[in-house]
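S.K.: sequence plus predicted model, see below.
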Amino acid sequence: MKSRIANWLRWWFLGWKWVPCHGACNMPNCPVLIRVERGSPLLAYVAVGLKRLLPSLVLLVAVAQVHAQYVTLTGTIQTSNGLPSVNDTMAFTPTQWGFVAGTGVVVNTTTYCATSIDGTAVGITNPLTKTTNTPAYGTGTLPAANYYVEYSWYVAGSPIRETLLSPESTAQLTSTGNLTIAPPAGPLPAGVTGMKVYIGTTCGGESYQGLTTGTNVYVQSSPLSTGGLTPSSNSTICQQVANDAIWPVGTGYTVSLTDPSGNTLPGYPMIWQLLGPNSTINLSNGLPYYHGIVTFPVPILASPLNHTGQSISGSLSLGSYTLYSGLINSTGGYKVGSNGGTVGTCLASDGTAFDTILACGANYQTVQVAGVSQTQEARLNFISGFTVADNPSNHSTDVSLTAPKVQLALPATTVNANTCSSVSTVTFTGVGPTSTFSTSFATSPVAAVGWGANGGLVVELWPDALPGVLDWDVCNQTSSSITPTAITLNVGLN
């Protein structure tokens, strides 16, 4: 711990550099001491005059862009009488200075949020002061009329977020000219980019006209545009650095709540602790009180900063609840009901969950030919002669033997006595040297000459020397020539 503190102090103090003031420097005290945090884009410069220590010293700090260390506050806040906290200001002062590891962000100042008209926590308070409107003549094409003006504070971004509208102010233009609209005197609320201006010619009939940046004025010099909707709610976001993203650990915020007149509301200030970077705390569910006590062991966080790994040194029981997870990387393996199985067993499903231990080979078959086991491969491939069909209702793949067959067209060609016709061939897939065949006529041979009741003709079948080829002829076994009836013969491969 001492070495970490020493390294941090060395990093902090050795990072400062004196630089001279140039013409653009409007600071009364020069030279300037400047510090630039490296490793992230610069967001802003914060100037701090250390006149109590060194009257001639101005401290200029370059603050690194804030990353994902925020907690977002939503929901509504009620006052002690149970009514919503309306248009009040929340101030968050850290109970101890700290910094966010890996960003260079130092948490050492009070930051602000607010409540809207319904008590909802928001980032920027609704404007409660009217604009100052100044008519001018001689330039511009804005026609003469009575004009009604409102504005909202906005924060640049995508999308632009803005507050509700201010109280309505009026201005009269007696002839063609322009209207200059100035924001209330004084600095803008923290985090505000500028104001969005809404103008109309009837009370409550304002529509959006344009926006400003900083404390610049807005000039309406042309006729009003119509159709620009006014905001229905304050869409700014209240965010604070999560306390568990701040080092050292165990910090909180002293939170004050003041009304628009600057009066502190009863029950405040109080101490809150905001845990869970990148998370949201709904204040409607209760205020996150903190009593300044660091609890050990350190709790498991729902949203640790940068998804830092966490560990539990003990058993974890979820009872009947379900554990949801991405990839599970277990170095020690798994057990089912405290049963780690035995050598050669596997984790299987019983149809509801993977909670059954079976022998790894229990649901597998070995392919054998004539009782001799074959080399096992990932697939059993049926080349031909089989019909393979999916049977979902039986949770099976059904394989049936499809016997190859061909049809021979026996011609009505005369066959002389005691002779055979010329040999014919036909392609027959699966035929080989040892093939045998079965035959049947495609139609009734009873009345067919040469084949029926009187007969006399026979068909001879045998494998050709070439695989996949069937040879055949027709022989006359009588002493007279026969001119047969043409008929079709079905031939199957046994």
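M.R.: Right, received. Where do you want to start?
S.K.: where does the residue nearest the centre of the chain land on pLDDT?
M.R.: Central residue of the chain (Cα atoms, centre = their mean): Gly326, 13.1 Å from the mean position. For Gly326, the model assigns a pLDDT of 79.
S.K.: assess the claim that Ile181 and Asn133 are in contact.
M.R.: Yes - if you go by Cβ atoms under 8 Å, Ile181 and Asn133 touch, sitting 5.5 Å apart. Backbone N, C-alpha and C define where each C-beta goes, glycine included.
S.K.: overlap in contacts, these two.
M.R.: With contacts taken as Cβ atoms under 8 Å, 6 or more residues apart in numbering, the residues that reach both Ile181 and Asn133 are Val149.
S.K.: am I right that the residue nearest to the centre of the chain sits in a helix?
M.R.: No - counting by DSSP: H, G, I helix; E, B strand; the rest coil, Gly326 is not found in a helix; it is coil.
S.K.: before we move on, back to that, Ile181 and Asn133: which has the busier surroundings?
M.R.: Ile181 (24 against 21; other Cβ atoms under 10 Å).
S.K.: quick one, phi/psi of that one?
M.R.: Taking degrees, to the nearest 10, you get phi -120, psi 120 for the backbone angles of Ile181.
S.K.: cool, and Ala245?
M.R.: phi -100, psi 0.
S.K.: go on, Ala91?
M.R.: Residue torsions, per degrees, to the nearest 10, at Ala91 are phi -110, psi 130.
S.K.: what are the structural domain limits within this structure?
M.R.: Domain segmentation of the chain under automatic domain parsing yields 2-64, 70-123+237-285, 132-220, 405-493.
S.K.: select from those the stretch with the lowest mean pLDDT.
M.R.: domain 2-64 (a mean of 39).
S.K.: so where do the helices sit in the protein?
M.R.: In the chain, the helices defined using DSSP state H lie at 2-13.
S.K.: which residue comes closest to Gly341 once chain neighbours are left out?
M.R.: For Gly341, ignoring the flanking residues on the chain, the nearest one in space by Cβ to Cβ, 6 or more residues apart in numbering is Ile357 at 4.7 Å.
S.K.: isn't the one you found right up against Asp350?
M.R.: No - checked against Cβ under 8 Å, the pair Ile357 and Asp350 is beyond contact range at 10.3 Å.
S.K.: the more surrounded of these two?
M.R.: Ile357 (15 against 9).
S.K.: got the domains of the chain as TSV, with distance to Asn339 columns?
M.R.: Listed next are these as TSV, based on distance: least, Cβ to Cβ, whole Å:
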stretch	distance to Asn339
domain 2-64	46
domain 70-123+237-285	38
domain 132-220	55
domain 405-493	51
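S.K.: ok, the residue lying closest to Val219 once chain neighbours are set aside - contacts?
M.R.: Nearest residue to Val219, sequence neighbours excluded (Cβ to Cβ, 6+ apart): Thr180, at 5.2 Å. Thr180 makes contacts with 133-136, 217-219, as judged by Cβ under 8 Å, 6+ apart.
S.K.: swap in Pro159?
M.R.: By Cβ under 8 Å, 6+ apart, the contact list for Pro159 reads Ser235.
S.K.: quick one: it from Ser232, how far?
M.R.: The gap separating Pro159 from Ser232 is 14 Å, by Cβ to Cβ, to the nearest Å.
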